[in-house]
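**Q** build me a model from this:
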Amino acid sequence: MKADKFEDLEVFRRAYRISLEVHAASLKFPQVEQYGLADQIRRASKSICANLAEGYGKRSQSRAEFKRFVLMSIGSADEMRVWSRYCLDLNYIDEERWKHWRDEYEQIAKMLQGLSKNLDKARGSG
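**A** Have a look, this model is predicted:
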């Protein structure tokens with residue numbers, strides 16, 4: 001792995017950028033949703049970044065532990081695709097924003113899957 005810190009990972013930077021977008025958009029949801037859907041999407045979007053950071057910090061002790069956190073990040077990215085669909089269907093976001101979020105989280109999940117596979121390959125070679 002060529003990254004010196006988790007912030008060097010392109011997938012982290014990408015997930016962080018969209019989590020800021022999600023956070024800002026969620027603050028405009030109706031008051032009734034602030035402790036429901038809005039809170040859920042804020043937590044799910046941020047958990048991708050947090051899991052990457054935590055796993056990256058453990059990579060020197062255990063590559064398997066890092067992979068476990070990468071897999072949790074994949075789950076959160078997929079979860080965000082579900083929550084963003086709810087946001088669209090409840091008319092909290094428009095179709096353009098939904099497509100952007102859907103596509104971005106799909107790409108993030110693919111990047112994370114690639115990272116997971118690279119961790120498997122590195123384990124097999126060393």
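**Q** chain neighbours aside, what residue packs nearest to residue 33?
**A** Distance criterion Cβ to Cβ, 6 or more residues apart in numbering; nearest residue to residue 33, sequence neighbours excluded, is residue 92 at 7.1 Å. C-beta: built from backbone N, CA, C; applies to glycine.
**Q** cool, residue 67 as well?
**A** The shortest distance from residue 67 to any non-neighbouring residue, by Cβ to Cβ, 6+ apart, is to residue 119 (4.7 Å).
**Q** tell me what the longest helix anywhere in the chain is packed against?
**A** Longest helix in the chain, counting residues (DSSP state H): helix 95-125. Secondary-structure packing of helix 95-125 (3 or more Cβ pairs under 8 Å, 6 or more residues apart in numbering; DSSP states H and E): helix 10-26, helix 63-89.
**Q** switch these over to TSV; also include mean pLDDT, mean neighbour count and distance to residue 46.
**A** Converted to TSV, the helices and strands packed on helix 95-125 look like this (pLDDT from 0 to 100; neighbours: other Cβ atoms under 10 Å; distance: least, Cβ to Cβ, whole Å):
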stretch	mean pLDDT	mean neighbour count	distance to residue 46
helix 10-26	98	18	5
helix 63-89	96	19	9
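**Q** now do the same contact list for the residue nearest in space to the middle of the chain.
**A** With distances taken as Cα atoms, centre = their mean, the residue of the chain nearest its centroid is residue 48 (3.3 Å). By Cβ atoms under 8 Å, 6 or more residues apart in numbering, the contact list for residue 48 reads 15, 19, 73, 76, 77, 80, 108, 112.
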